[in-house]
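Enquirer: Predicted coordinates and the sequence they were generated for:
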Amino acid sequence: MPAREKKRRAAQAALGHVKDGMVLGIGTGSTVAEFVKALLDSGIRLAGAVSSSNATSALLRAGHIPELDLNAVDELALYVDGADEATFQGALIKGGGAALTREKVIAGAAARFVCIIDDGKLVEILGRFPLPVEVVPMARAYVARQLVKLGGRPVWREGVVTDNGNVILDVHQLRLTDPAAFETAADQIAGVVTVGLFARRRADVLIVGGDVGVRTLVPREPV
Ligand code: 5RP
């Protein structure tokens, strides 16, 4: 079965967490696009949504879902987003779509983070997918040297400028056996805006689309 159908299944299942009148945080990517489609088809009416990217804001506008500024929202009950890789414990690599900074802010602000993926993204150890790091442009080369010291091989995602005006380094050849420790170490580098590791604030629920339906994981163990 194609990954797109698995993503659609996971997206559809996430509707079970959404109620009429909710304010929702909405992530970025093709799985999220399936989620927005399913949401519109469901007839559920949100009070509004906080968007993680310009791309998602465009989807919200097209679906006539009111977009809210996070600064104007007291409590965000739920955040729904995809990921590039996920462990069974809910630690994630995100940022393939370069939206990692706003995604991490919204995940942090939300009471509950439901992550929707296809089963090809579920791994024992993170790092096969190159870890995106958003960096202030003038710090790119310096940050890259520091990431090499942490054991990675950073590659500049040339031509990509984030919604925040920054650049992305994709860090290859990592084997993240202690993702929370790596997240903390990379966060210390001056010039790093956001590390696309969601290990300290993990997914609370993982909905995994596969050939035979969806699996819902509620990780509780330490990363
Ligand atoms: C964007 C992200 C996305 O969640 C991630 O790249 C997954 O994308 P897709 O649903 O298209 O596979 O982190 O920054």
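Expert: On my side now, so go ahead.

Enquirer: can I see the domain layout of the chain?
Expert: Following automatic domain parsing, the chain resolves into domains at 3-124+200-217, 131-196.

Enquirer: all strands of the protein, in order?
Expert: All strands of the chain, identified by DSSP state E, fall at 23-26, 48-51, 76-81, 85-87, 92-93, 110-118, 122-123, 131-135, 153-156, 167-172, 192-195, 197-198, 205-210, 213-217.

Enquirer: so which of those comes closest to residue 57?
Expert: strand 48-51 (4.4 Å; CB to CB). For every residue, glycine as well, the C-beta is placed using N, CA and C.

Enquirer: And for the closest one, what's in contact with it?
Expert: 23-26, 57, 60, 65-70, 73, 76, 102, 106, 109 (CB atoms under 8 Å, 6 or more residues apart in numbering).

Enquirer: Get me the contact residues on the chain for the ligand.
Expert: For the chain, the residues in contact with the ligand (CB under 6 Å from any ligand atom) are 27-31, 81-84, 94-100, 103.

Enquirer: Let me have the domains of the chain in JSON lines, extended by mean neighbour count and mean pLDDT.
Expert: JSON lines is the format used below for the domains of the chain (neighbours: other CB atoms under 10 Å; pLDDT from 0 to 100):
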{"stretch": "domain 3-124+200-217", "mean neighbour count": "20", "mean pLDDT": "97"}
{"stretch": "domain 131-196", "mean neighbour count": "18", "mean pLDDT": "98"}
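
Enquirer: what sits against the closest residue to residue 214 other than its chain neighbours?
Expert: Distances taken as CB to CB, 6 or more residues apart in numbering place residue 13 nearest to residue 214, at 4.5 Å, with adjacent residues excluded. Taking CB under 8 Å, 6+ apart, we find residue 13 in contact with 116, 207, 209, 214, 216.

Enquirer: now residue 173
Expert: Residue 173 neighbours (CB under 8 Å, 6+ apart): 127, 151-153.

Enquirer: and it, backbone torsions?
Expert: Dihedral angles of residue 173 (phi, psi; degrees, to the nearest 10) stand at phi 60, psi 40.

Enquirer: For the ligand, see how far away it is.
Expert: 19 Å (CB to the nearest ligand atom, to the nearest Å).
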